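**Q** Can you look at this prediction? I've put the sequence above it.
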There are 2 protein chains.
Amino acid sequence: MQMSELVRAARSYRRFEQTPISCELLSELVDLARVSASGANIQPLKYVLSYTQETNAKVFPCTAWAGYLKDWPGPEESERPTAYIIILSDPEITKHAGYHPRIAAQTIVLGAGERGDGACMIGSVKRRKLIKDLGIPSAYKIALVIALGVPGEDVVLEDVRKGDDIKYYRDENDVHHVPKRTLEEVIVEAVANRSKH
Amino acid sequence: MQMSELVRAARSYRRFEQTPISCELLSELVDLARVSASGANIQPLKYVLSYTQETNAKVFPCTAWAGYLKDWPGPEESERPTAYIIILSDPEITKHAGYHPRIAAQTIVLGAGERGDGACMIGSVKRRKLIKDLGIPSAYKIALVIALGVPGEDVVLEDVRKGDDIKYYRDENDVHHVPKRTLEEVIVEAVANRSKH
């Protein structure tokens, strides 16, 4: 799949079909993140894989979903993620993992999208509870959680005019809409370029 | 190109052939970043494209290169990037662009890699000078700079054993080596998973 198609397919999915995701697939996704760019190549991240009903049931209550959808408390049991990758920072390597977790997360989201799987980066996590409930060695810090599964909802992108609302929403057919600023809005012309025209 | 191949091809390149990169290609790369995940979908980033000799000559002196290579001051004139994408955060949207710039950056790096182009995320930037020299509206803040061009060096990945040095280096044939921690090292088994075995 070409990147232009992949970035559009790899939406944030929040409702999933109940098809299992294998440990092997999760490892392959981590392997994509593992070789990605790392500032000063320090590679401060570690990963915990959750793919059994037992551990998934421990992860889910530690995650918060879709702040803009006030009437939606998150996916019901029949539409919850079937796997999670928990991205940890390793304080033995650095105290500030900084931007590393999101480079890894975007790589994992694209890798999942290529396979037809869906993912959602979740930054709103009950970190201490999750460390404790999963028995993650307490030295690690949770950077974020990526929920994974076979997409169980339709998500569409739409362009938004400058100044209009960028909040995502669900329409009457339960389709999830994501307004994106246009290319014209996000590219700023610098004076130095302008002088060339 | 499959992601497994693409993430390995999309190394951080620091020496380039002097083939121009078009404004259209840069726009396509920004378009990939534009539709990528954004926390609360706020999309706080803006982008400046530099692709002429004139503006490139203003960007380069504002960038710092390859901290580990103490004897290498950065690419010579004949091997410098032929384009840059400067990622800005827009304080009118948020004061803290947080992790957004690196999600965008990784998307751009992979998009460039797919086309056979090379990129390097550069966080060490003379921000005030670059804003001034390029005439970027001063309300914006520079998050990072991505250097781009046709790769003019060989970069190879290698596995590193736990505890060994992760600093990148150049060998006697001027090949750039990047030691990466192994998959076994970066995946942490949680107690909750262990109980299943």
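**A** Arrived safely, thanks for sending.
**Q** any idea how far A:Leu134 lies from A:Val145?
**A** From A:Leu134 across to A:Val145, the span is 11 Å (C-beta to C-beta, to the nearest Å). For the C-beta atoms, the positions are set from N, CA and C on the backbone; glycine is no exception.
**Q** which residues are common contacts for these two?
**A** Common neighbours of A:Leu134 and A:Val145, counting by C-beta atoms under 8 Å, 6 or more residues apart in numbering or on different chains, are A:59, A:86.
**Q** ok, these two, which is more surrounded?
**A** Comparing A:Leu134 with A:Val145 by other C-beta atoms under 10 Å in any protein chain shown, the one with more neighbours is A:Val145, at 26 against 21.
**Q** List phi and psi for the residue nearest to A:Ala64 when sequence neighbours are not counted.
**A** Distances taken as C-beta to C-beta, 6 or more residues apart in numbering or on different chains put A:Ser124 closest to A:Ala64, at 3.8 Å, once the chain neighbours are dropped. Main-chain torsions, A:Ser124, degrees, to the nearest 10: phi -90, psi 90.
**Q** Listing partners with orientation, what would you give for the strand ranked longest in chain A?
**A** If you go by DSSP state E, chain A has its longest strand at strand A:141-151. Strand A:141-151 has its sheet partners listed here by DSSP bridges as strand A:16-17 (antiparallel), strand A:83-89 (antiparallel), strand A:118-122 (antiparallel).
**Q** Serialize the ones you listed to TSV and add fields for mean pLDDT and mean neighbour count.
**A** Conversion of the strands paired with strand A:141-151 to TSV gives the following (pLDDT from 0 to 100; neighbours: other C-beta atoms under 10 Å in any protein chain shown):
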stretch	mean pLDDT	mean neighbour count
strand A:16-17	98	19
strand A:83-89	98	25
strand A:118-122	97	25
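**Q** Quick check: which of these is nearest to A:Ala139?
**A** In terms of C-beta to C-beta, the element of these nearest to A:Ala139 is strand A:83-89, at 9.3 Å.
**Q** Could you check how far that closest one is from the centre of its chain?
**A** Mean-position distance between strand A:83-89 and its chain equals 10 Å (C-alpha atoms, centre = their mean, to the nearest Å).
**Q** Give me the mean pLDDT for the helix or strand following it.
**A** Following strand A:83-89 in sequence order, the next helix or strand is helix A:100-114 (DSSP states H and E). Average pLDDT, helix A:100-114: 97.
**Q** Now do helix A:100-114: which elements does it pack against?
**A** If you count contacts as 3 or more C-beta pairs under 8 Å, 6 or more residues apart in numbering or on different chains; DSSP states H and E, helix A:100-114 packs onto helix A:3-9, helix A:23-34, strand A:45-50, strand A:83-89, strand A:118-122, strand A:141-151, helix B:3-9, helix B:100-114.
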